[in-house]
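Asks: when you get a sec, could you give me coordinates for this:
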Amino acid sequence: MKRRNNNVEVFSVAAIDLFASAMGAFMLLMLISIPYFGNLSTNPIKECPVQQVCPVCPEVPACPELPDPSPPTQPQLTKIPTLDLVLVLDITGSMGNEIEELKSEIIAISKLLVELAESPAIGLVVFGDDGFTRPTRSFPIQPLNQLPKILANFRRIEINMGMGEGENKFDGESVYKGFIAATKLNWRADAKQKMILLIADDVPHTSQRQPFYDAVKDFSDADDQLFAVLVPEEKDLQQYYGRITNSKRRVLLTDSDHIPLSSQVILALLKGQN
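Replies: Numbers count the residues shown, from 1 in each chain. Coordinates of the predicted model:
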């Protein structure tokens, strides 16, 4: 049988002792040097050094008080002091969908106007053809604090409403007479922005096209007055009304993007300022 070696390996014990001594020295150095390490955090609240109780460490300055963060500021919308909007609406037989859209959107339009203006008001003119005994009908401009009366007027709109007897025997429609009726409404003297929005799917009667152009020009030449027209996506219509609106404060809108009527009103106001 092989005899067991009872001799202690002196080298192994010495190595372990040396390692333990080095580890102890390293930990002692780390404890002493902790206060000298900077805080790398980018958080301003955590950049304040922590006070340490250490007889050999230099005194650490106290953390200054940080001010409370300011709440984020919201951009303020500058409202128009007074805004008068008159809708001039074609109520001939082909405008059934547009009439129903306007009736369903009038509350949304009213809410948007309240956000845009301190004192908004709405008026309405409807028109048909000169072949009828009464081609236009007007409803006065009323402030939105009289919303029930405004809604009652708009909800009464129907095809050929109040036009009397007659037939569509002329080329075009009574666009010019509808526009003139709008200019003669009870506009408020203190209104800072006045806008006429024409909604139609045809051009004026042939004999009234030049007078219509002149009337639009006279109205929109005033700094506080804006004319806009909303027509279907038809090339001939867009070409004609494009010529009418080829100047500042005259805006051409189309329903090609199927934008709600309430949004078209806002778009007209924005474009008209450029």
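Asks: which element is Ile159 on?
Replies: Under the criterion DSSP states H and E, no helix or strand holds Ile159.
Asks: what about it, how many neighbours?
Replies: 13 (other Cβ atoms under 10 Å). Heads up, the C-betas are built off the backbone N, CA and C, glycines and all.
Asks: which pLDDT value does the model give it?
Replies: Here the pLDDT value assigned to Ile159 is 90.
Asks: strands of the stretch 51-200 of the chain, start to end?
Replies: Assigned by DSSP state E, counting those that start in this stretch, the strands in the stretch 51-200 of the chain fall at 80-90, 117-127, 136-143, 193-199.
Asks: out of those strands, flag the one nearest Gly96.
Replies: Across these, the minimum distance to Gly96, taken as Cβ to Cβ, is reached by strand 80-90, at 10.9 Å.
Asks: which elements pack onto that closest one?
Replies: Contact here means 3 or more Cβ pairs under 8 Å, 6 or more residues apart in numbering; DSSP states H and E; on that basis strand 80-90 packs against helix 96-116, strand 117-127, helix 175-183, strand 193-199.
Asks: where among these is the average confidence lowest?
Replies: Mean pLDDT is lowest for helix 96-116 among these, at a mean of 92.
Asks: give me the contacts around it.
Replies: Surrounding helix 96-116, the residues in contact under the criterion Cβ atoms under 8 Å, 6 or more residues apart in numbering are 77, 79-80, 83, 85, 87, 89-91, 120, 122, 144, 147, 150-151, 154-155, 157-159, 199, 201, 260-262, 265-266, 269.
Asks: so what's the residue lying closest to Val231 once chain neighbours are set aside up against?
Replies: Of all residues not flanking Val231 in the chain, Leu237 sits nearest, at 4.6 Å (Cβ to Cβ, 6 or more residues apart in numbering). Listed by Cβ under 8 Å, 6+ apart, the contact partners of Leu237 are 201-203, 231.
Asks: wait, a strand at Leu237?
Replies: No: judged by DSSP: H, G, I helix; E, B strand; the rest coil, Leu237 forms no part of a strand; its state is helix.
Asks: Phe227 pairs with what?
Replies: For Phe227, the beta-bridge partners are Ile196, Arg250 (DSSP bridges).
Asks: lowest average confidence, helix or strand, in the protein?
Replies: Ranking every helix and strand in the chain by mean pLDDT, DSSP states H and E puts helix 10-33 at the bottom, with a mean of 54.
Asks: how much space between Asp255 and Gly128?
Replies: Computed with Cβ to Cβ, to the nearest Å, the distance linking Asp255 and Gly128 is 21 Å.
Asks: those two - which one has more neighbours?
Replies: Legend: neighbour count by other Cβ under 10 Å for Asp255 and Gly128, higher for Gly128 (27 against 18).
Asks: quick check: chain neighbours aside, which residue is closest to the more buried one?
Replies: Met163 (4.4 Å).
Asks: hmm, that neighbour is touching Pro135, no?
Replies: Yes: counting by Cβ atoms under 8 Å, Met163 touches Pro135, with 6.5 Å between them.
Asks: give me the common contacts of the two.
Replies: 128-129.
Asks: I'd like the helices and strands packed on strand 80-90 laid out as CSV, including distance to Arg209 and mean neighbour count.
Replies: What follows is these, written out as CSV (distance: least, Cβ to Cβ, whole Å; neighbours: other Cβ atoms under 10 Å):
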stretch, distance to Arg209, mean neighbour count
helix 96-116, 22, 16
strand 117-127, 15, 23
helix 175-183, 8, 23
strand 193-199, 14, 23
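Asks: can you say which of these is nearest to Lys248?
Replies: Using Cβ to Cβ, those put strand 193-199 closest to Lys248, at 13.7 Å.
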